[in-house]
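Engineer: what's the 3D shape of this:
(one chain, ligands or ions: 2)
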Amino acid sequence: MASHNPDHCLFAVPKKGRLYEKVTDMLKGAGVEYHREPRLDIAICKDMNMTVVFLPAADISKYVGEGNVDIGVTGVDIVEESESDVVRVMDLGFGKCKLCVQAQTSSNVTDVRTLAGKRIVTSFPTLARKFFDPLDKEMGVTTSINFVSGSVEAACGLGLADAIVDLVETGTTMKAAGLEIVATLLETEAILITNPNSKHKDIVNLLQHRIQGYITSQKFVMVSYNCSADVLQDVTKITPGKRAPTITNLTDGGHAVSSLVMKKQIVKVMDELHLAGATDILVFDLANSRM
Ligand SMILES: Nc1ncnc2c1ncn2[C@@H]1O[C@H](COP(=O)(O)OP(=O)(O)OP(=O)(O)O)[C@@H](O)[C@H]1O
Ligand SMILES: O=P(O)(O)OC[C@H]1O[C@H](OP(=O)(O)OP(=O)(O)O)[C@H](O)[C@@H]1O
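Structural biologist: Ligands and ions are numbered 1, 2, ... in the order given. Predicted coordinates:
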């Protein structure tokens with residue numbers, strides 16, 4: 001890695017993979033601007049005493065917990081697997097998946113205890129060990145846990161494992177490899193973590209607020225509509241907002257209303273507003289927020 005300014009706060013982000021694009025979008029949304037030279041794994045920020053370091057997602061928790069990296073984004077799965085001492089600041093709402101024991105569909109395994117004492121392949125040996133230890137005790141056997149760094153789903157088909165412990169989101173990878181879920185160890189998503197001994201608490205705090213603002217702005221949309229006085233009470237019940245809806249009086253005796261609505265509920269809310277008599281319903285994305 002190229003050298004960095006020792007007075008700078010260090011922010012670790014995944015250098016590739018599933019979280020990369022979401023995290024770089026989040027940094028942009030939070031106003032963290034940097035220029036990254038091709039193939040360089042550090043980038044100095046404009047307008048902030050901060051350097052962004054691009055690291056493998058699997059190593060970020062270790063660097064934040066044990067190194068001099070002040071703040072980072074990785075998966076809850078990785079924080080748990082590394083057992084590093086980090087402060088879990090906030091869930092980020094993306095990178096959602098679950099860590100599962102998977103066996104070949106053709107093996108018809110329904111009870112995970114039948115896999116105790118067998119061969120497990122995984123990129124999560126610590127979590128797999130923690131999961132199988134109590135089963136091993138119960139059954140009086142020792143499960144063999146073998147580490148591989150990627151393409152875990154190939155291990156059963158290639159005769160290396162009786163089952164795997166790997167991530168499942170849509171299930172596409174699992175099904176393509178002829179596997180099915182036998183048990184779930186953990187639900188995970190991307191998380192913001194900080195070093196408990198960071199010397200850059202002021203920048204870390206500022207970033208926390210900015211990222212929180214961006215994450216909130218991605219969860220909500222602003223809806224605005226018009227309505228007559230006789231339906232105002234009914235329609236505002238549908239859009240109560242985070243605190244309260246903003247109501248403006250119109251010269252024709254009606255009202256204009258604007259309110260925040262959860263993005264995932266907006267289509268249903270628009271249907272309900274229309275049925276309740278609201279007109280001119282418009283929905284706007286939020287670029288950023290501070291609540
Ligand atoms: N299918 C998925 N859906 C959502 N989040 C995922 C998925 N796969 C992985 N993640 C999250 O992203 C983190 C990094 O996984 P990823 O597979 O991108 O790692 P990588 O090995 O760095 O990248 P690559 O697979 O490109 O080598 C995981 O620890 C998990 O938190
Ligand atoms: O349930 P799905 O939607 O198919 O997602 C799950 C897959 O995604 C991740 O791997 P990724 O594709 O990032 O590559 P990797 O195996 O090289 O880590 C994970 O390790 C699974 O294999």
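Engineer: what segments of the stretch 101-250 of the chain are strands?
Structural biologist: For the stretch 101-250 of the chain, the strands defined by DSSP state E, counting those that start in this stretch cover 119-122, 144-147, 163-168, 179-188, 190-194, 220-227, 246-249.
Engineer: so what pairs up with the residue in the stretch 51-200 of the chain that ligand 1 sits nearest to in the strands?
Structural biologist: For the stretch 51-200 of the chain, the nearest residue to ligand 1 under the criterion C-beta to the nearest ligand atom is residue 75, separated by 2.1 Å. To be clear about C-beta, it is placed using only N, CA and C from the backbone, and glycine gets the same treatment. Listed beta-bridge partners, residue 75: residue 190 (assigned using DSSP bridges).
Engineer: count the residues that sit near it.
Structural biologist: The tally of other residues near residue 75 (other C-beta atoms under 10 Å) stands at 27.
Engineer: same question for residue 56.
Structural biologist: By other C-beta under 10 Å, 15 other residues sit near residue 56.
Engineer: interface residues of the chain facing ligand 2?
Structural biologist: By C-beta under 6 Å from any ligand atom, the part of the chain that sits against ligand 2 consists of 17-18, 150-151, 153, 166-174.
Engineer: possible to save the strands of the stretch 101-250 of the chain as JSON lines with mean pLDDT and mean neighbour count?
Structural biologist: Compiled in JSON lines, those are given as follows (pLDDT from 0 to 100; neighbours: other C-beta atoms under 10 Å):
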{"stretch": "strand 119-122", "mean pLDDT": "98", "mean neighbour count": "23"}
{"stretch": "strand 144-147", "mean pLDDT": "98", "mean neighbour count": "15"}
{"stretch": "strand 163-168", "mean pLDDT": "98", "mean neighbour count": "24"}
{"stretch": "strand 179-188", "mean pLDDT": "98", "mean neighbour count": "18"}
{"stretch": "strand 190-194", "mean pLDDT": "97", "mean neighbour count": "23"}
{"stretch": "strand 220-227", "mean pLDDT": "97", "mean neighbour count": "20"}
{"stretch": "strand 246-249", "mean pLDDT": "97", "mean neighbour count": "12"}
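Engineer: I'd like these as a markdown table, with distance to ligand 1 appended.
Structural biologist: Conversion of those to a markdown table gives the following (distance: least, C-beta to the nearest ligand atom, whole Å):
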| stretch | distance to ligand 1 |
| --- | --- |
| strand 119-122 | 12 |
| strand 144-147 | 13 |
| strand 163-168 | 5 |
| strand 179-188 | 5 |
| strand 190-194 | 6 |
| strand 220-227 | 22 |
| strand 246-249 | 36 |
